[in-house]
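**Student:** have a look at this fold, sequence not included:
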């Protein structure tokens, strides 16, 4: 399997993880890194749209690691997050 395909698959898994846990994902352009936030009662994750898929996946993995006590993670998702962390 190509590297781009593996990165796209990892990104899709992480996006599904956040959606399953009640987060809205936003990809926006700007001069920022992104991260988790709350807007009123809505849980949101904002990622810079300029990042390539591999960068988006790493950013989501970092956010998931910081929120792991608040997220319902499978063992497979935990392993994916650890694999993507720098």
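**Tutor:** The structure has been received and is ready for your questions. Keep in mind that this is a model prediction, so the values were computed, not measured. Numbering: from 1, shown residues only.
**Student:** ok, the lowest-mean-pLDDT helix or strand in the chain: who's next to it in the sheet?
**Tutor:** Ranked by mean pLDDT, DSSP states H and E, the weakest helix or strand in the chain is strand 34-39, scoring a mean of 72. Using DSSP bridges, the strands paired with strand 34-39 are strand 42-48 (antiparallel).
**Student:** on the C-terminal side of the partner strand, identify the next helix or strand.
**Tutor:** helix 53-66 (DSSP states H and E).
**Student:** state the mean pLDDT of that following helix.
**Tutor:** Helix 53-66 carries an average pLDDT of 93.
**Student:** give me the angle between that helix and strand 34-39.
**Tutor:** With axes from the mean of the first three to the mean of the last three Cα atoms, to 10 degrees applied, the angle from helix 53-66 to strand 34-39 works out at 50 degrees.
**Student:** give the contact list for the most centrally placed residue in the chain.
**Tutor:** Most central in the chain under Cα atoms, centre = their mean is residue 60, positioned 2.2 Å from the mean C-alpha point. Applying Cβ atoms under 8 Å, 6 or more residues apart in numbering, we find residue 60 in contact with 11, 14, 15, 18, 45, 47. The way it works is simple: take the backbone N, C-alpha and C, and place the C-beta from them, glycine included.
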